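*Asks:* return atomic coordinates for the entry below.
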Amino acid sequence: CSALFVFRLLENSMMNAEVKEGEILPPTIQRLMKGYNKYLRPFFDNGPVTVGMSLDIASIDTISEINMDYTATIFLRQRWTDERLVFEGNKSLSLDGRLVELLWVPDTFIVDSKKSFLHDITVENRLIRIFPNGTVLYALRITTTVACNMDLTKYPMDKQTCTLQLESWGYNINDVMFYWTRGNESVSGLDTLQLAQYTVEDHYTSVSEAVYETGVTTVLTMTTLMMGARTSLPNANCFIKAIDVYLGICFSFIFGALIEYAVAHFCTL
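*Replies:* Numbering: from 1, shown residues only. Sure, this is the predicted structure:
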C-alpha cells in the first residue's frame, strides 16, 4: 500500500514558570518589553501579520491502519515580524524558551491531532530568537498523533492520503496569514527518514506525497506462521533474518507442490 502525505496551512475564524522582568531580563529586552502588550498581535491596526512556517520531520514512529492515524515527531518553526521588537544592533537575541510568556505568538494548532505534547526533557524544547528588524523565530519540538482516514478496499495496492494541517485557533485570515517560508523545501526530513515497515519515496509541501509500499503474501497454512512471526519479532526491512530464509524455503516447497499437483492432474486427463 502507499500513503500520500499533504502538509497544509489553513487560515481560520488562544509556562509554568513566572518571569520577573526586573530580575533576569537583560537591559535590551527590558526596553523592548516596556509598554509591550502581548495580547495584541503585531500590526494590529495595519492588516494581517504574516507567519512563515517550516517543518523538519524528525521521525514517523507509527502508521496505524487499525487506528487510522500516524505519529510523528516534528520541529515546527514559525517566523513573523513584530514592529514593537525592533532594536539597534547587528546580532540576534536568543532567549530562554520560558520568555515566550512575554511575547505575542501565533495560536497555531494541528487540526486533526488526536494527542500532542511538547518535549520537556531536560527543559521545554522551544526557542525564541529576536532579530534587530523585529523578526521573531519561534521553534518547537512536538510529537503528535494525527488522524488519517484510510480506504483499504484496494489493499495492498491502495494509496492513502494523510494530511498535517496547521491552523490558527482564534484568528481569521484578516488577522493572521500562514505561508511556507521556503516553498517546497519548507518540509524536510522525509528524504532521509528510514522506517522499519515502509520506504519513503517522495514528498511535497502543499500538495505533498510520500509513497510507502508494503506487501503481505499468504499461502495455505503458512499464513498463520507468517502472521505469528510478524507479531512476535521486531519489524525490519533493512536486513534478512533467519526466519525470512526459513519462510522463503517453506513457500518454495509449497509452490513446488502446487506445480507438481498441476502437472500430475494434467497428465491424468
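*Asks:* quick one: low-confidence parts of the stretch 1-150 of the chain?
*Replies:* The model of the stretch 1-150 of the chain has pLDDT under 70 over residues 1-7, 9-25.
*Asks:* so which residues of it form strands?
*Replies:* Per DSSP state E, counting those that start in this stretch, the stretch 1-150 of the chain carries strands over the ranges 2-10, 49-64, 69-81, 93-95, 108-110, 113-118, 126-130, 135-147.
*Asks:* quick one: buried residues of the fourth one?
*Replies:* With burial defined by 16 or more other C-beta atoms under 10 Å, the residues of strand 93-95 counted as buried are L93, L95. Every C-beta, even on glycine, is put in place using the N, C-alpha and C of the backbone.
*Asks:* neighbouring strands - and their directions - for that strand?
*Replies:* As defined by DSSP bridges, the strand partners of strand 93-95 come to strand 126-130 (antiparallel).
*Asks:* put the alpha carbons of the partner strand into CSV.
*Replies:* What follows is strand 126-130, C-alpha atoms only, in CSV (Å, rounded to 0.1, in the frame of the first residue of the first chain):
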residue,chain,number,x,y,z
ARG,A,126,11.3,25.6,22.4
LEU,A,127,13.4,28.5,21.2
ILE,A,128,12.8,32.2,20.8
ARG,A,129,15.1,34.3,18.7
ILE,A,130,14.6,38.1,18.0
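*Asks:* picking up where we left off before, which of the strands of the stretch 1-150 of the chain sits closest to N172?
*Replies:* When the strands of the stretch 1-150 of the chain are compared by C-beta to C-beta, strand 2-10 sits nearest N172, at 10.7 Å.
*Asks:* my guess is M177 contacts P48. True?
*Replies:* Yes - the pair M177 and P48 qualifies as a contact (C-beta atoms under 8 Å) at a distance of 4.8 Å.
*Asks:* what helices and strands are in contact with the longest helix belonging to the chain?
*Replies:* Longest helix in the chain by number of residues (criterion: DSSP state H): helix 242-267. With contacts defined as 3 or more C-beta pairs under 8 Å, 6 or more residues apart in numbering; DSSP states H and E, helix 242-267 has these neighbours: helix 222-232.
*Asks:* picking up where we left off before, mind listing what's buried in the longest helix of the chain?
*Replies:* L247.
*Asks:* picking that back up, possible to save the strands of the stretch 1-150 of the chain as JSON lines with distance to F253?
*Replies:* Formatted as JSON lines, those follow (distance: least, C-beta to C-beta, whole Å):
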{"stretch": "strand 2-10", "distance to F253": "32"}
{"stretch": "strand 49-64", "distance to F253": "33"}
{"stretch": "strand 69-81", "distance to F253": "38"}
{"stretch": "strand 93-95", "distance to F253": "64"}
{"stretch": "strand 108-110", "distance to F253": "50"}
{"stretch": "strand 113-118", "distance to F253": "45"}
{"stretch": "strand 126-130", "distance to F253": "58"}
{"stretch": "strand 135-147", "distance to F253": "42"}
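*Asks:* quick one: which of the ones you listed is nearest S188?
*Replies:* Per C-beta to C-beta, nearest to S188 of the strands of the stretch 1-150 of the chain: strand 49-64, 5.2 Å.
*Asks:* and the angle for that closest one with strand 135-147?
*Replies:* 30 degrees (axes from the mean of the first three to the mean of the last three C-alpha atoms, to 10 degrees).
*Asks:* which positions within strand 49-64 qualify as buried?
*Replies:* Buried-residue list, strand 49-64, by 16+ other C-beta under 10 Å: V49, V51, G52, M53, S54, L55, D56, I57, I60, I63.
*Asks:* tell me which residues form a beta bridge with the fifth one?
*Replies:* Right, the one you point to is S54. With DSSP bridges as the rule, S54 is bridged to R77.
*Asks:* residues contacting it?
*Replies:* Each residue near S54 by C-beta atoms under 8 Å, 6 or more residues apart in numbering is listed here: L76, R77, R79, W180, T181, R182, S186, V187, S188.
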